[in-house]
Structures are given as structure tokens and as C-alpha cells.
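Asker: structure of the sequence below:
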Amino acid sequence: MHPPARRVVLAAVTTDPLDVAAHEAAVADAGAGAVVSFSGVVRDHDGGRSVTGIEYVGHPTAGDVLATVVADVAARTDVEAIAVSHRIGPLAVGESALVVAVAGAHRQEAFAAAALLVDEVKHHLPVWKRQVFTDGTDEWVACP
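Answerer: Okay, here's the model as predicted:
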């Protein structure tokens with residue numbers, strides 16, 4: 001038995017499609033009894049309106065901010081490894097916008113770290129979302 005490694009194996013802001021299985025594989029660790037993943041997926045509706053897609057726009061510092069957030073969560077939790085990516089650019093319904101994978105010795109720690117990481121990313125990451133509706137209109141969400 002060994003103390004948690006608290007490795008950040010991936011912290012990326014990218015235009016590439018995100019792969020949950022690749023994130024899970026990246027955090028695989030012999031000391032981990034649990035791997036918890038989360039995928040924030042573009043849905044086809046919001047607030048009673050049909051959505052055709054979204055676009056995420058990131059501030060130039062988004063990658064650095066994400067790296068800081070992930071390192072902070074890794075340091076504050078008992079996990080073996082963390083991988084997280086946020087996608088920017090246009091996304092279709094069904095595509096992943098945020099993927100998180102956490103490996104921990106036990107499920108409680110892995111679930112808690114994954115939940116904390118999602119909340120911290122959503123709170124701190126300078127990325128803004130534009131939703132496009134089926135009637136051709138759009139709106140910015142959580143944009144200062």
C-alpha cells in the first residue's frame with residue numbers, strides 16, 4: 001500500500017473531440033480501486049427550448065487556469081491520478097464538452113474528487129457558452 005500519488009496526467013483545453021475511455025485509461029493505476037469518470041454532454045434542450053448545438057469560447061488563459069484548478073484539486077484530495085479536458089469551439093448535440101476521470105484507492109475519494117473537480121472547473125474556467133436554438137436564435141450562457 002502506498003500514499004496517493006496525486007498525479008495530474010492531463011489538463012487540456014482543446015478543439016479536439018473528447019474521449020471518456022481515453023481519460024479513464026490515462027488515470028489507470030495499480031493502487032486505484034476506483035476510477036470515476038464524468039462527461040458533460042451537449043443536450044438537445046435548455047429552458048424548454050430545443051437546442052441544435054453550442055459553441056464554447058475560451059479566454060487565452062483557459063489552459064493555464066485549468067492546469068491550476070486541477071493541480072489544486074489533486075493536492076486537496078486523496079486520489080492517485082486526475083485527467084480533465086474541456087472542449088472549445090462548436091459542438092453538436094451528444095458531444096462531450098467536459099470530461100473528467102479520477103482514480104483513487106476507494107470509490108468515496110474518487111467520487112468526491114470528481115465532483116469537486118467538475119464544480120471547480122465550472123466555477124473558475126474562463127470559458128463561455130453560446131447556445132444555438134432550432135428557431136435560429138442564440139444566447140450566451142454565464143457570460144460576463
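Asker: for residue 132, give its distance to residue 90.
Answerer: 9 Å (Cβ to Cβ, to the nearest Å). The way it works is simple: take the backbone N, C-alpha and C, and place the C-beta from them, glycine included.
Asker: between the two, which contacts overlap?
Answerer: Residues touching both residue 132 and residue 90 (Cβ atoms under 8 Å, 6 or more residues apart in numbering): 53-55.
Asker: for PyMOL, what selects the buried ones among those residues?
Answerer: A single PyMOL command is used to select the members of the shared contacts of residue 132 and residue 90 judged buried by 16 or more other Cβ atoms under 10 Å:
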select buried, resi 53+54
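Asker: compute the number of surrounding residues for residue 136.
Answerer: Per other Cβ atoms under 10 Å, the neighbour tally for residue 136 reads 7.
Asker: can you verify it is assigned to a helix?
Answerer: No. Using DSSP: H, G, I helix; E, B strand; the rest coil, the secondary structure at residue 136 is coil, not a helix.
Asker: could you give the number of residues near the residue nearest to residue 95 when sequence neighbours are not counted?
Answerer: Distance criterion Cβ to Cβ, 6 or more residues apart in numbering; nearest residue to residue 95, sequence neighbours excluded, is residue 42 at 5.3 Å. Residues lying near residue 42 (other Cβ under 10 Å) number 21.
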